[in-house]
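A.B. asks: What shape does this take:
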Amino acid sequence: MLAKYPDIQQKVLQEWRVSQQIQSYCYYPNACNKRVSVSVCVQPVATPRPGVRYDRQDSPDYLTLNTQIEEARAESAALEARRSTLADKLARKERRREKKRRKHAGEHHADMAEAAVPLPSEGAAPPAPPAPAARAGGSDDDSDELRRRARDPPITFTDIDGAQEFSALQAALAGAGVALAGEEQQALAELDQYLVHGEGSWALGDDFLAFIGRLLGAESTEDVRVATLRCLAAMALRDDVSLLLHQDRRSHALMNYAQRVDRLPPGEQLALARALCNLFENVSSSEWLLYISEWDLDGQPISNIRVTTKVAVHATLGEDAELRDVGTALMYNMATKERLSAGRALRDLLPRHAKSKVFDDVSVELAMALLQLLGQAPAEEELFRAVAALARLAHHSQEVAQLVALVGPPPAAFRGTSPRCDEKIDLIMQKVK
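C.D. replies: Just a heads-up that it's a prediction; the model follows:
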């Protein structure tokens, strides 16, 4: 073994000779003339062992391996940091999604409870306890709504593609030379995720509707506003769009714009009416359209249900045939909502200006517009929607039946148009008589 290391072999031999010369035999008088062997300790020399590095120059392979190990450790640390960042981002999105769900549930119940309920007078019997199903969370109301939708399905316009509408909005923005700020570019990217890539409403930020409000503002061009409304019509067909709509309770950007329907160009009127009509595709978004919470606009109190009514009446009585087609569909969707007849017996006992009386006012306003439409001798499809809506409105409010009898034209004059129209006319005449 030492033959492989001549330097070490020579050093070991020299130290061995020194140790031999130092060793001697000494006699100590006090040790009873015993001869003691005294040896000077010599520091042993380590024998080379495999795998142990000595003062030698590092080989290139060793340096390369060390470099690769350090690079792998750095990549692993970066990957772990990225994984942690993604996990935090997903957790934030999930918290935001859950917050929106809780907010939507709370606001929905608050709006359902907005109807004024008179306090029981002295000596009056206490109200009866709710039914077990009602105490369980209102499952009967949901099942009734689903049965109603199966009987009277909403009329929506589903021949619309979200990806194409998003591309049209991008082209309109580029053609108008609209410069988007950083947050607005982020909102546009969120719209791309929602419409094109099919992500949920959690992908839309809290300021998304503020971005939509700017696109619908007066500083935008008509092409940009129409493209924005068509994107909203495509979004309305999604079942989670109601989570986005509740953001509008802060700025009311959508409803403030819709309130100006009579001052909008015809193209915007049509796109707006179609967007509102498609919101009836899902129960939660259709309920949002009928909320009665009020806010002031130009000194006038308005609400979601009043704005929706204004759009429906304006579109139904419009001169453009396509706008009238969408308007009668929106009118039909509103009339078939059981929300309009909720608490009808209680509303009859309330004073004229009670907030829940708005349902009676809306029913009468819709009926007036439908009677005007009947005076124009509409086509069969529009006639069916009109008499079907009148039949439902007469069920919702007693004032509608009185209005039909007083104002006219009499629905019976349209018998024989089609069997389905005759069926709805019979329902109207039962209420009128």
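A.B. asks: Where does pLDDT dip in the stretch 201-350 of the chain?
C.D. replies: Across the stretch 201-350 of the chain, the ranges flagged by pLDDT under 70 are 339-350.
A.B. asks: dump the residue contacts of the residue nearest to the spatial centre of the chain.
C.D. replies: Computing the C-alpha centroid of the chain and ranking residues by CA atoms, centre = their mean puts S201 first, at 2.4 Å. Contact analysis of S201 by CB atoms under 8 Å, 6 or more residues apart in numbering lists R97, K100, Y194, R238, D240, V241, L243, L244. For glycine as for every other residue, the C-beta is placed from the backbone atoms N, C-alpha and C.
A.B. asks: Please repeat the previous calculation with a cut-off of 6 Å.
C.D. replies: D240, L243, L244 (CB atoms under 6 Å, 6 or more residues apart in numbering).
A.B. asks: Mind giving me the ChimeraX command for buried ones among those residues?
C.D. replies: Per 16 or more other CB atoms under 10 Å, the buried members of those correspond to this ChimeraX selection:
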select :240,243,244
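A.B. asks: quick one: which of the contacts of S201 is nearest A377?
C.D. replies: For the contacts of S201, the minimum distance to A377 (CB to CB) is 40.7 Å, reached by L244.
A.B. asks: helices or strands up against the helix or strand hosting the closest one?
C.D. replies: Per DSSP states H and E: L244 is located in helix 241-245. Here helix 241-245 touches helix 283-289, going by 3 or more CB pairs under 6 Å, 6 or more residues apart in numbering; DSSP states H and E.
A.B. asks: Alpha carbons only: can I get the helix or strand that comes right after the helix it packs on in CSV?
C.D. replies: Note on helix 283-289: by DSSP H and E, the next helix or strand toward the C-terminus is strand 294-297. Below are the C-alpha coordinates for strand 294-297, written out as CSV (Å, rounded to 0.1, in the frame of the first residue of the first chain):
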residue,chain,number,x,y,z
GLU,A,294,-84.1,52.1,-3.3
TRP,A,295,-81.4,54.7,-3.9
ASP,A,296,-81.5,58.2,-5.3
LEU,A,297,-80.6,59.1,-8.9
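A.B. asks: The following helix or strand past strand 294-297 pairs with which strands?
C.D. replies: Counting by DSSP H and E, the next helix or strand C-terminal to strand 294-297 is strand 300-303. Here strand 300-303 is paired, per DSSP bridges, with strand 294-297 (antiparallel).
A.B. asks: Can you list the neighbours in contact with the strand it pairs with?
C.D. replies: H252, N256, P301, S303.
A.B. asks: What is the burial count for L393?
C.D. replies: The tally of other residues near L393 (other CB atoms under 10 Å) stands at 29.
A.B. asks: What residues sit buried inside the helix or strand where it lies?
C.D. replies: Here L393, judged by DSSP H and E, is contained in helix 380-396. For helix 380-396, a neighbour-count test (16+ other CB under 10 Å) marks 382-396 as buried.
A.B. asks: do the same with stretch 241-259
C.D. replies: Those would be 241-249, 252-259, for stretch 241-259 by 16+ other CB under 10 Å.
A.B. asks: same deal with stretch 184-201?
C.D. replies: E184, A187, L188, E190, L191, D192, Y194, L195, S201.
A.B. asks: returning to that earlier point: so what does the residue nearest to the centre of the chain look like in phi/psi?
C.D. replies: phi -70, psi -10 (degrees, to the nearest 10).
A.B. asks: Next one: it from L264, what distance?
C.D. replies: As for S201, its distance to L264 is 27 Å (criterion: CB to CB, to the nearest Å).
A.B. asks: Adding distance to D159 as columns, could you present the contacts of strand 294-297 in a markdown table?
C.D. replies: Below are the contacts of strand 294-297 laid out as a markdown table (distance: CB to CB, whole Å):
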| residue | distance to D159 |
| --- | --- |
| H252 | 30 |
| N256 | 29 |
| P301 | 37 |
| S303 | 31 |
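A.B. asks: Between those, which sits nearest I292?
C.D. replies: Looking across the contacts of strand 294-297 and measuring by CB to CB, the closest to I292 is S303, at 5.1 Å.
A.B. asks: Beta-bridge partners for the closest one, please?
C.D. replies: If you apply DSSP bridges, the partners that S303 bridges to are E294.
A.B. asks: Tell me which stretches of the stretch 301-433 of the chain form helices.
C.D. replies: Assigned by DSSP state H, counting those that start in this stretch, the stretch 301-433 of the chain shows helices spanning 304-316, 321-335, 344-347, 358-374, 380-396, 398-407, 419-432.
A.B. asks: Tabulate those helices (a markdown table), appending distance to T156.
C.D. replies: Converted to a markdown table, the helices of the stretch 301-433 of the chain look like this (distance: least, CB to CB, whole Å):
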| stretch | distance to T156 |
| --- | --- |
| helix 304-316 | 14 |
| helix 321-335 | 8 |
| helix 344-347 | 27 |
| helix 358-374 | 19 |
| helix 380-396 | 13 |
| helix 398-407 | 25 |
| helix 419-432 | 19 |
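A.B. asks: So which of those helices is nearest I212?
C.D. replies: In terms of CB to CB, the element of the helices of the stretch 301-433 of the chain nearest to I212 is helix 304-316, at 15.8 Å.
A.B. asks: Just give the closest residue to G416, not the sequence neighbours.
C.D. replies: Spatial nearest neighbour of G416, excluding adjacent residues (CB to CB, 6 or more residues apart in numbering): D422 at 7.1 Å.
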